[in-house]
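Engineer: coordinates for the following, if possible.
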Amino acid sequence: TPRRIVDPRPARGIYATAMVAGSPQMMALADSLVAAGGNTIVFDIKDRDGALSYISAVSLARQTQVTSLALIHQPTALVEQLHRRGLYVVARLSCFYDEHLAAIRPQLAPRLLDGTPWTSGWLDPANDQVQEYLLDVVEEIVGCGIDEVQLDYIRFPTETSADSLLFAHADSLAKHQVITDFVRRVRDRLAGSGVLLAADVFGVAAWGRAADLDRIGQYLPELLPLIDVVSPMLYPSHFYGNFLGMTNPVEYPYFLVYEGVRRLIPLARSHGVAVRPWIQSFPYRIPGFDEAYVAEQMQGAADAGADGCMLWHPESRYDVGLPAMRQVIDGVAEPQPDRIPQLLGDRTEIVNDL
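Structural biologist: Model (predicted):
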């Protein structure tokens with residue numbers, strides 16, 4: 001039985017692309033993470049482009065050649081090397097956004113009203129063959145000794161045009177039932193393995209607005225009993241417009257992460273689920289992005305009671321993020337929790353439909 005690492009609390013992690021994970025750079029990154037006080041690393045098994053990062057025996061993967069560019073030649077050895085450094089290892093699986101499979105097998109994509117495939121990179125979350133493929137990949141990768149499977153893109157598409165799409169079983173299943181049933185099937189495949197299950201959810205899911213939840217199919221009261229960890233993506237750059245009365249939400253990194261975590265914790269705790277947010281360690285839409293910006297988010301997560309957090313950079317560059325992590329752990333960071341929007345009382349308490 002492969003050795004596994006106990007789920008760390010608080011988790012302090014980073015994301016590694018498959019390109020990084022399959023290169024000598026991975027161990028240098030892992031060593032830098034450990035030096036910064038980190039204990040968790042997430043790497044791609046399947047990103048949104050659809051390519052599997054290892055050589056798979058799953059039949060649909062072989063038929064469609066999604067492993068032809070497998071970047072991680074020995075995933076079991078990779079996990080063992082990370083475990084030797086004391087790191088908790090998470091395999092990330094981008095589920096229903098899959099550019100390769102949607103292009104090469106258009107019958108697996110959602111359909112337009114005229115019955116033709118919607119060519120957008122999305123698979124139909126309700127399609128039985130799509131779900132079976134993902135379940136087979138999950139079962140396969142568990143054998144590599146990972147500690148946790150993290151499901152990303154476990155939702156329906158949000159593009160405006162997605163409102164007029166046809167999905168399988170639409171006459172009998174609501175979107176949230178499709179997503180919940182899929183996560184339940186993943187949980188069943190993991191049974192007895194000792195591998196934990198995590199789910200990435202939209203940051204706005206913490207605010208529980210019914211319109212958001214209905215559209216994407218992520219209904220937390222149903223999902224939480226099935227998972228061990230919930231990871232809201234609380235990137236300030238992804239909050240737009242007049243959110244909670246903030247004309248420019250990116251100016252409030254501490255508040256957005258603090259408030260997002262604070263709102264999720266009661267519901268998550270009631271199901272014994274850890275709250276471990278993704279936070280922004282990349283400069284998109286952030287003027288003057290620096291270590292303090294990352295540290296404020298980390299501090300916001302900690303102050304709200306999160307079970308740690310994970311830093312995201314799409315290219316796995318953490319020259320800003322890891323020094324910020326070290327500062328927060330050492331207690332020498334200088335985040336500014338007073339940077340909370342001056343809102344009128346109950347305007348911070350918008351309707352929560354959870």
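Engineer: every contact and neighbour count from this point should use C-alpha atoms.
Structural biologist: Noted.
Engineer: where does the stretch 251-354 of the chain dip in pLDDT?
Structural biologist: With pLDDT under 70 as the threshold, the stretch 251-354 of the chain has low-confidence stretches at 333-354.
Engineer: need the three-state assignment for Ala199.
Structural biologist: Classification of Ala199 into helix, strand or coil gives strand, according to DSSP: H, G, I helix; E, B strand; the rest coil.
Engineer: that one touches Val230, doesn't it?
Structural biologist: Yes: in this structure, Ala199 is within contact of Val230 by CA atoms under 8 Å, at 5.1 Å.
Engineer: which residues sit against the host helix or strand of Arg189?
Structural biologist: In this structure, Arg189 sits in helix 175-190 according to DSSP states H and E. Taking CA atoms under 8 Å, 6 or more residues apart in numbering as the criterion, the residues outside helix 175-190 that touch it are 125-126, 131, 135, 138-139, 142, 154-156, 196-197, 213-219, 222-223, 226-227.
Engineer: which positions within that helix qualify as buried?
Structural biologist: Burial within helix 175-190, assessed by neighbour count using 16 or more other CA atoms under 10 Å, is assigned to 175-187, 190.
Engineer: stretch 153-163 now?
Structural biologist: Within stretch 153-163, the residues scored as buried using 16+ other CA under 10 Å are 153-157, 162.
Engineer: can you give me the neighbour number for Pro221?
Structural biologist: By other CA atoms under 10 Å, 14 other residues sit near Pro221.
Engineer: next one: Ile329
Structural biologist: The number of residues packed near Ile329 is 17, by other CA under 10 Å.
Engineer: can you pull out the residues in contact with the helix or strand where it lies?
Structural biologist: Under DSSP H and E, the secondary-structure element containing Ile329 is helix 321-330. Residues lying outside helix 321-330 but in contact with it, judged by CA under 8 Å, 6+ apart, are 12, 32-33, 36-38, 281, 291-292, 294-295, 298-299, 311, 333.
Engineer: for stretch 273-289, output the C-alpha coordinates as PDB.
Structural biologist: Extracted in PDB, the C-alpha atoms of stretch 273-289 (Å, rounded to 0.1, in the frame of the first residue of the first chain):
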ATOM      1  CA  VAL A 273     -15.700  19.500   5.900                       C
ATOM      2  CA  ALA A 274     -12.500  21.500   5.900                       C
ATOM      3  CA  VAL A 275     -12.500  24.900   4.200                       C
ATOM      4  CA  ARG A 276      -9.300  25.500   2.300                       C
ATOM      5  CA  PRO A 277      -9.600  28.400  -0.100                       C
ATOM      6  CA  TRP A 278      -7.700  29.100  -3.300                       C
ATOM      7  CA  ILE A 279      -6.200  32.500  -3.100                       C
ATOM      8  CA  GLN A 280      -4.600  34.800  -5.700                       C
ATOM      9  CA  SER A 281      -0.900  34.600  -6.200                       C
ATOM     10  CA  PHE A 282      -0.900  36.000  -9.700                       C
ATOM     11  CA  PRO A 283      -1.100  39.700 -10.800                       C
ATOM     12  CA  TYR A 284      -4.200  39.700 -13.100                       C
ATOM     13  CA  ARG A 285      -6.200  42.900 -12.500                       C
ATOM     14  CA  ILE A 286      -4.100  43.800  -9.500                       C
ATOM     15  CA  PRO A 287      -2.200  47.100  -9.700                       C
ATOM     16  CA  GLY A 288       1.000  46.900  -7.600                       C
ATOM     17  CA  PHE A 289       0.600  43.200  -7.000                       C
END
